[in-house]
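> sequence and predicted structure, then a few things I'm wondering about:
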Amino acid sequence: MPPRQKLLGIWMLLTGITLFAGLFCALWLDSQLQLETGTRILLWLLSLSGGIMLLLIGIPLEVRLFRPLRHLQVQMARLAANPDAQQDYPPEGWLQPLHPDLTRLRTGWRQDRAKLGEARIQGAKDAARIRQELEALLQVLKIPLLLCDRHQRLLLFNPAAEELFAGNPALGLGRRLEELLPAPSLTDALKHLPKDGSARQLLLPHHNRWYLCDLRRVIASQGEALLTLEDATERQKSDQRWRKPLSSLLPALRGHAANLATAGEVLSSGGTSPELGQRLQNAMHEDSQAMGSLIAELAQLLETLHLDQGQLSDTWSNDLWQALTPGLKQDGLTLTPIGIPLWLRADSPSLLALLQRLLTLLHTHTGQTDFETEIQLGNNRVYLDLIWQGEPLQLKDLQSWADLAIADETLSPRLGDILRRHSSDWWSLKDSDKRFARLRIPLPPAKRVYPPLPVIEARPEFHDFSIADLPPPTSELKKLPLNQLEMVVFDTETTGLKLREGDRVISIGGCRIVNGRLLAQEVFDQKVNPGRPIPPASTRIHGLTDSDVEHSPPMSVILPRFREFVGNGVLVAHNAAFDLLAVTLEGNELGIGFEMPVLDTLLLSRGLDTHMEGHGLDELAERFQLTFPPGTRHTALGDARVTAELLLALLPRLEARGITTLDDALLLQAEVESRNKR
């Protein structure tokens, strides 16, 4: 069906030509013939009747035929994308008799789908139960775990792995393991894993950290490999702190012990002269003293090892208070955190036990039941303060407390031992208001600044075993089916539309489609400091102001991260020419290329519905009943997500027209572009 504008233009042109021709004919005949008034009126009516008839016929054709045809085309496009789409455009006008047939087709399609769904329910119940049990297990498993297929694509990772690789855009379903851990030894080890499932271990250096990696092949599988990771950096550093002195102490001890043994044997034989016996006794005395010194050194080394801060880990202060609260409630005590939460380094179990015991001692000493706590940044330290209303503690009280054991067990550490483990001490001081006192404990600071990531939802997307059935990554990309591609849908917001004249990116958003599914948690969302003011006209569109981006990283930091997020995926955007230009212009300056194929949902929509109007993102979202969550329109991530949903709605219609591979889709885009240029 031709576009409405074209039909309207043809109708108006024919009507105009007919009216002007009738008018010219009427004027000419009226000038040539001397007719009576009634006859003249009849002449004029007959001359203009053709144009009037075309004018009157066009209106009912538009109302009764052409508009119903357009509505039917929209409804059929919706049904092709989703058979459960709302029926907003039932057949109307002269097409109304098609309503029962269309309803029957729609109902039959739904019934067939329902029967197929019911046939899968029984098998799906067991699969769902196993999946839920697996997800529950992975949620609580504290060991970072990765599962990859025979092509080293990630099929599964657990929240512990997500925490370990926090901020690394290479962690995602379907991504290559070599992008996450680019170690040749790991790649080689995965290729030569024993088929009986026995484990292999590697120590992998990565980003100034050491990871102890346990690898094993999954038995009765298609070549999948299971990896467990442990951050062994602190352990390695701790080992180095005691291995080197121990390696010098042990040979010296062995030497002195051998000397003593030899001298003892000679003396016990009884065949020595008095002079030789005296010399041997002197030598044994010297060796004994040397061994005593070495044993004292060894004892000090073991004590240092016991107090080694390699056992300390980054701890968020709010997590510390949350873990402390239940035990205090049992003792009738309350602890109220004040101030700004901070990161600190601590042996959390022992520090919790220390605070629990301290609050009990403070309650006994002061009679108070309500305490406050505050974390403050000091000079290269973090101060943990316990606050109460009253007088500060005496030094002698703190000294006596340091010798108290944490618990009544024989080998329980003392409070002072825990302080020394943290290279710390304590003191008590009066607040400036003279009403409150506090016990201050300085602790090592952590390098982290920002609060911890929000808690992951109950059922995050961290596994997809169907990825293993996809073609190998070495397959020719353009020959792959569209629903088997890894696609990254992205959008940008900029300071303006004149990118070649200096306008810059201020926000990039992206999401990932793997195996025909939009992964809700595989997202990239980052504001960018453009290094130039944002015009008010642009702010009215996307809502971003200079203050929103002034503390954001520049594009030189963000673009490499976005390129890592894209990986080997196919880029997708709506009106991709603009967004691709936005990243490639700045990418050229930074030496970052985007050479992968690009799909444009605008061109695909025009190729599918050549004669339909409205291919903007808003019009297509309304046509396919896609919704923008409140406040997400004209945000980079919000537009990218809707574009991804639009692409998934277009895929079944592309397949129905024989466009099944990436090469087919790129050819369709090229045809649309060439047609638009003509």
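Arrived safely. These numbers come from a predicted model, not from an experiment. Numbering: from 1, shown residues only.

> for the stretch 51-200 of the chain, give me the ranges with low pLDDT.
Applying pLDDT under 70 to the stretch 51-200 of the chain flags residues 82-89, 95, 98-99, 101-102, 105.

> ok, which stretches of it are helices?
For the stretch 51-200 of the chain, helices defined by DSSP state H, counting those that start in this stretch occupy the ranges 67-81, 99-140, 159-164, 177-180, 184-191.

> quick one: closest of the ones you listed to residue 283.
Evaluated with Cβ to Cβ, the helices of the stretch 51-200 of the chain place helix 184-191 nearest to residue 283, the distance being 51.0 Å. From N, CA and C alone the C-beta is placed, and that goes for glycine too.

> and the helices of the stretch 51-200 of the chain as TSV, adding mean neighbour count?
Shown next, in TSV, are these (neighbours: other Cβ atoms under 10 Å):
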stretch	mean neighbour count
helix 67-81	18
helix 99-140	11
helix 159-164	19
helix 177-180	20
helix 184-191	14
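
> for residue 538, find the nearest of those helices.
Of all those, helix 67-81 sits nearest to residue 538, with 32.7 Å by Cβ to Cβ.

> redo the helices of the stretch 51-200 of the chain as CSV? Include distance to residue 153.
What follows is the helices of the stretch 51-200 of the chain, written out as CSV (distance: least, Cβ to Cβ, whole Å):
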stretch, distance to residue 153
helix 67-81, 28
helix 99-140, 18
helix 159-164, 15
helix 177-180, 7
helix 184-191, 12
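
> now the stretch 251-400 of the chain, which segments are flagged as low pLDDT?
For the stretch 251-400 of the chain, counting by pLDDT under 70, the residues that fall below are 270-271, 299-311.

> in its sheet, what does the host helix or strand of residue 335 sit against?
Here residue 335 sits within strand 334-338, counting by DSSP states H and E. If you go by DSSP bridges, strand 334-338 pairs up with strand 370-377 (parallel).

> list the buried ones in the partner strand?
371, 372, 373, 374, 375 (16 or more other Cβ atoms under 10 Å).

> who's in contact with residue 636?
Each residue near residue 636 by Cβ atoms under 8 Å, 6 or more residues apart in numbering is listed here: 490, 491, 492, 493, 507, 508, 509, 510, 525.

> if you could redo that for residue 337, that was the one I meant.
Applying Cβ under 8 Å, 6+ apart to residue 337 gives the contacts 317, 318, 321, 372, 373, 374, 375.

> that one bridge partners, please.
residue 373.

> ranges for the strands of the stretch 251-400 of the chain?
313-316, 334-338, 343-346, 370-377, 382-389 (DSSP state E, counting those that start in this stretch).

> turn those into a markdown table, including distance to residue 644.
As requested, the strands of the stretch 251-400 of the chain are exported to a markdown table (distance: least, Cβ to Cβ, whole Å):
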| stretch | distance to residue 644 |
| --- | --- |
| strand 313-316 | 33 |
| strand 334-338 | 41 |
| strand 343-346 | 35 |
| strand 370-377 | 42 |
| strand 382-389 | 43 |
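
> what's the most distant pair in the contacts of residue 337?
The span of the contacts of residue 337, defined through Cβ to Cβ, is set by 318 and 372 at 14.4 Å.

> so what's the residue count around residue 617?
The local packing of residue 617 (other Cβ atoms under 10 Å) involves 21 other residues.

> pretty sure it contacts residue 641?
No - Residue 617 is not in contact with residue 641 according to Cβ atoms under 8 Å; the separation is 11.3 Å.

> how about the helices in the stretch 451-600 of the chain?
Counting by DSSP H, counting those that start in this stretch, the stretch 451-600 of the chain has helices at residues 536-542, 546-549, 555-566, 576-590.

> please identify the buried residues of the second one?
It refers to helix 546-549. 548, 549.

> same thing with the longest one?
Judged by neighbour count using 16+ other Cβ under 10 Å, the buried positions of helix 576-590 are 576, 579, 580, 582, 583, 584, 585, 586, 587.

> how about the contacts made by the third one?
This points to residue 580. Residue 580 neighbours (Cβ under 8 Å, 6+ apart): 571, 573, 594, 598.

> leaving out sequence neighbours, find the closest residue to residue 429.
Counting by Cβ to Cβ, 6 or more residues apart in numbering, the nearest residue to residue 429 once its immediate chain neighbours are dropped is residue 392, at 5.7 Å.

> next one: residue 18
Residue 18's closest residue in space is residue 51 (Cβ to Cβ, 6+ apart), at 3.8 Å.

> returning to what we had before: name all residues that make contact with the residue nearest to residue 429.
Applying Cβ under 8 Å, 6+ apart, the residues near residue 392 are 428, 429, 430, 437, 438, 439.

> pull up the gap between the first one and residue 276, please.
Okay, so that is residue 428. Residue 428 sits 65 Å away from residue 276, going by Cβ to Cβ, to the nearest Å.

> equivalent analysis for the fifth one, please.
Here the criterion is Cβ to Cβ. By it, residue 438 lies 69 Å from residue 276.
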